[in-house]
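# Provide a 3D model corresponding to the input given below.
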Amino acid sequence: MAIIFVKNLKWTDVKKQLTIPSRSLNLFPPLNDNHTVDFHVVDESGRVWSFRIYTRKRNKYPKPAITKGWRAFVCSKELSVGDKVTFYMEEEQAGVVTYRVQVEKEVKIFGAIIGYVPIH
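Residues are numbered from 1 along each chain as shown. Next comes the predicted model:
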């Protein structure tokens, strides 16, 4: 399983959409003519989520983001600013790619981050 990207969530990621690194865009399915692509992701519990990646149409910096389905995922997992998400891709022998996501909650003691705990 290869890591696509790891991100500590910011306010925009929790409240609106998940911005993703442009360099990882080529590891997701190819975009269509509308600069979007829908794809499925499996979480730690085996639940399948439908997400959409969107990029700007006319800009040399595409600023990719996961839009559709993301807020439902955030609410279901009760994610907060500072929590961590990791996206993976797993390619099977037949060339089929499965995308996976892992979520870790930030753990603080007296305001200091001491680590992360995986959630399901």
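# in the chain, spot the helix with the most residues.
helix 70-77 (DSSP state H).
# just the buried residues of the following helix or strand past it, please?
Once the chain leaves helix 70-77, the next helix or strand it forms, by DSSP states H and E, is strand 84-91. Going by neighbour count (16 or more other CB atoms under 10 Å), the buried part of strand 84-91 is Lys84, Val85, Phe87, Tyr88, Met89. Bear in mind the C-beta positions are built from the backbone N, C-alpha and C, glycine included.
# what residues does strand 84-91 touch?
By CB atoms under 8 Å, 6 or more residues apart in numbering, the surrounding residues in contact with strand 84-91 are 1-9, 18, 20, 24, 27, 41, 79, 97-104, 106, 116.
# drop anything exposed from those.
Neighbour counting by 16+ other CB under 10 Å classes 4, 7, 9, 18, 20, 27, 41, 79, 99-104, 106 among the contacts of strand 84-91 as buried.
# cool, thanks, talk later.
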